[in-house]
Each structure stands twice: as C-alpha cells, then as structure tokens.
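Engineer: I would like to see how this sequence folds:
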Amino acid sequence: FVAIFLLPWRQCRATDTVRISSVAARLRRLFVTLTFNSKQRVALVNNNNVTESYHYIIIGAGSSGCVMANRLSENPNVSVLLIEAGPEDKNPLIMMPRGIGKLLEQGNPHIFDYQALSGEGKPSERWMKGRTLGGSSAINGMVYVRGAPADYDDWEKSGCSGWGWSDIGRQFVAMEDHASGQAPWRGTGGPLKVTINPETNPLCDATIAAAEQAGTPRSQDINDIDAVSNGGFGYQPQNIWRGQRFSAARAFVHPVRHRANLTVMTSTSALKINFTDRRPSSVLIRNKSGERAIKVSGEVIVCAGAIE
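Structural biologist: As a prediction, the model looks like this:
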C-alpha cells in the first residue's frame, strides 16, 4: 500500500506488459525492504538499545509523554526511557485523517477500549484512548482546541501554581507553528503544526453566516482570546499538515529519536513502580521478552492517562 504511492502515477497506469512487470518487481523489492527495515527498527528499539538504568523513565508516550521525552533528552548528560504499551505509529491509517473510522474499531491494537457504566438505568458508554506513540493524538479527530484562559486562571486560584494563563498561554505560543501566522497568543516556528482547512464549503459558510446574523461574530481563529472569551464562530483549527495527521509523536518524538540518550520502548507495559526509602528505584516492565525491572536514578514520570 505504501510502496504504490511512492511510484509516479504515469508508471502505475502503464499498459505495456513489460513495464507492468518491471513496476511489479520494483514493488516487491520495495515492500520486502520496507518490511525488513521496519522489523529491524522495532527490534532495535525494543531490545538492543535498552540499558539497565536511566535518569528518567517516562511511562506513557501520549501527548504529555512525548513532550517530556523531547524536553528532558535535550540535556545530553541524562538518559531518558520512554515506555509505550502500544505499537509504533507506523500504520498508514494514523497518518491518513480519514483513517480515524478504522482506527476506532473494536479490537484495533492502537486503542484502549472501555465500557463505562453511566449509572443506574442508563446504557453503558464506549470510551477509547490512544495506545501507540502519540497516544490519543494519534487516533483522535485532530481538532486543536487550547481551552479558555479563564479556566487556567481558576486552576491557579485553586492552588495550582504555574497553571494560570500567563504561564500556560506562553507555552502554547512557544510550541505552535500556526499556518495563519504570528499573532498575540498565537505562535509560529514551534514543533506543533496547526492549520485551518484551506478549502471552504458552502454549507459551512452558510452556517457561519447564520451564526453571525444571530449575533455570534465570525472568527478566523476560534482559539483567539477574544473568540474564546466573548464567543466566535469559524472553521476549526486542526493538527493536520500537508494532508497528514500531525500527532504529538510527529511533533516531539520522531524529530529527536536520533538522540543517543533517548530510548523508546513500544509494545511494553509498565506493571509497577518499585520504591526504596520512599524514592522510586525501578520500574517493572513486561514485553515479548518477558518481565524485568529497569532501574531509575532520577525520576519516574507517569503520563499514562487518567483512566489507565
């Protein structure tokens, strides 16, 4: 599937039998190469690069875990291990925005699937979250919403020092590479791609116009402070870049996987954190090689999500 789209379109349409045979042979060779390299790469990640001790162990490679792995491994003097229960994010359906329908099917290895009880007399609900590099950012609807500044300020007033908008807002600006350009509280040049769908739709335009007629102003960026505070209607910002999903793994992990001090273990479950004198001393993991404890000399950072 991947190999076909690497070939020029005119070759794929050739009717000459010799050319078709040549293209087919190239496809077979390329497919074998891709398969071998993929298996080799996963084997290297899961086994050969794993040492016995790390300064930092991060449990969970979702949106927060990817950021932590990126920032902590900036220091070449520390070693970082990122553990993810799910597989690598190599499935073409992850990169393909419309692949979300298949990704969310029951039994897909890239999701955790839960039946949540809604209460007495109510039907249960199906809850899902990501189970691959990038976590839920690899399987969600790719909508980019930052939250309301007033909510962050309420967190800080409740005792969460450093979580007010004056601090968190600056972090959003620093990590964004927004296609609409630099603006107050909107960033460019960061690792996370944010775009607005360049193709408008008559039905969507009519809906936005109707909202405007009803008193809700049209907004070119619904994450703009005025739009969030006073209301606004417009096209949704999205984490899609050049037609492909731009997950937290693409933004924060893939660009730095070459770092010698960063190890990424996929298809690996973290079972338990062991403590010595009230300090974490090791993490018990399980993968296809069995169970073993990996020592930690610094900190264990749990980014496994609220449910797991």
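
Engineer: contacts, neighbours, all on C-alpha from now
Structural biologist: OK.

Engineer: what strand or helix carries R170?
Structural biologist: Following DSSP states H and E, the helix or strand that holds R170 is helix 165-175.

Engineer: chain center to that helix, what's the gap?
Structural biologist: Its chain's average C-alpha position is 19 Å from that of helix 165-175, according to Cα atoms, centre = their mean, to the nearest Å.

Engineer: confidence score at the residue lying closest to V143 once chain neighbours are set aside?
Structural biologist: Of all residues not flanking V143 in the chain, Q238 sits nearest, at 4.6 Å (Cα to Cα, 6 or more residues apart in numbering). Reading off the confidence values, Q238 has pLDDT 96.

Engineer: burial check on Q238, number of neighbours?
Structural biologist: 19 (other Cα atoms under 10 Å).

Engineer: tell me who's in contact with it.
Structural biologist: If you count contacts by Cα atoms under 8 Å, 6 or more residues apart in numbering, Q238 has them with 142-144, 194-197.

Engineer: just the buried residues of those.
Structural biologist: Buried members of those, counted by 16 or more other Cα atoms under 10 Å: 142, 144, 194-196.

Engineer: need those residues in JSON lines with distance to A211, pLDDT and secondary structure, can you?
Structural biologist: Shown next, in JSON lines, are the buried ones among the contacts of Q238 (distance: Cα to Cα, whole Å; pLDDT from 0 to 100; DSSP: H, G, I helix; E, B strand; the rest coil):
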{"residue": "M142", "distance to A211": "24", "pLDDT": "96", "secondary structure": "coil"}
{"residue": "Y144", "distance to A211": "21", "pLDDT": "96", "secondary structure": "coil"}
{"residue": "V194", "distance to A211": "24", "pLDDT": "97", "secondary structure": "strand"}
{"residue": "T195", "distance to A211": "22", "pLDDT": "97", "secondary structure": "strand"}
{"residue": "I196", "distance to A211": "19", "pLDDT": "92", "secondary structure": "strand"}
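
Engineer: worst-scoring helix or strand of the chain, pLDDT-wise?
Structural biologist: Counting by mean pLDDT, DSSP states H and E, the chain has its least confident helix or strand at helix 9-12, which shows a mean of 32.
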